[in-house]
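Q: Got a predicted model here, sequence first, then my questions.
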Amino acid sequence: MSSCSLSSPALPVANIGYDLHLVPIPNLGWMNGVAALCMAMKMLAMQPLVLTPLSSTVEGVLSGKVADSILAVSIMPCLLAMTAVVAVRFANDTATLLNLIGSVFCMNIAFVVPVVCYWKLATEPICITRKLGLVGLIAMGLSCAVLGVLAS
């Protein structure tokens, strides 16, 4: 997380509408609520994509151990309650999680994986100068990923 953080942020978007010294920017107080609302809308829209496969998996694991009538009625509310508790517990750590995911996955997806795939799939021989450039890109991607993890 950055060195400029609120003392006890209630939301991961708590610093929106503030300058570098966390002084409110005039006429931008509304941005905080709108950003939180947009994040909630995004999660609400994603819920059917995640909840149905998760509930099917849990039902498959518990079938035979719990009555099917109980499973059909209780799986969705229980999963929603458990995920809500986890979300509330880790809400303040969202920025750290996003930093870790961004540094590790984005650097590897942007720099390392395409270069390694090109190197592996190239049909023509690769000259030494191109190999040095490819190694440089791989080293840059890996070092940015490591530095991002260390900075988080």
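A: Great, that's in hand.

Q: so where's the longest helix in this protein?
A: Counting by DSSP state H, the longest helix found in the chain is helix 30-62.

Q: Determine the set of other helices and strands touching the very next helix or strand once past that helix.
A: Next helix or strand after helix 30-62 toward the C-terminus (DSSP states H and E): helix 68-90. The elements that helix 68-90 packs onto, with contact taken as 3 or more CB pairs under 8 Å, 6 or more residues apart in numbering; DSSP states H and E, are helix 30-62. Heads up, the C-betas are built off the backbone N, CA and C, glycines and all.

Q: Now do the helix it packs on: which elements does it pack against?
A: With contacts taken as 3+ CB pairs under 8 Å, 6+ apart, helix 30-62 sits against helix 68-90.

Q: Which residues are in contact with residue 109?
A: Applying CB atoms under 8 Å, 6 or more residues apart in numbering to residue 109 gives no contacts.

Q: now it: how far from residue 93?
A: 23 Å (CB to CB, to the nearest Å).

Q: try residue 39
A: Per CB to CB, residue 39 is found 15 Å from residue 93.

Q: same thing with residue 106?
A: For residue 106 relative to residue 93 (CB to CB), the value is 19 Å.

Q: Burial check on residue 141, number of neighbours?
A: 21 (other CB atoms under 10 Å).

Q: Residues touching the helix or strand encompassing it, excluding its own?
A: Using DSSP H and E, residue 141 sits in helix 128-151. Helix 128-151 is contacted from outside by 99-100, 102-104, 107-108, 110-112, 115-116, 118-119, 126, using CB under 8 Å, 6+ apart.

Q: one more time with 7 Å
A: 99-100, 102-104, 107-108, 110-112, 115-116, 119 (CB atoms under 7 Å, 6 or more residues apart in numbering).

Q: ditto for stretch 118-126
A: Counting by CB under 7 Å, 6+ apart, stretch 118-126 makes contact with residue 134, all of which sit outside it.
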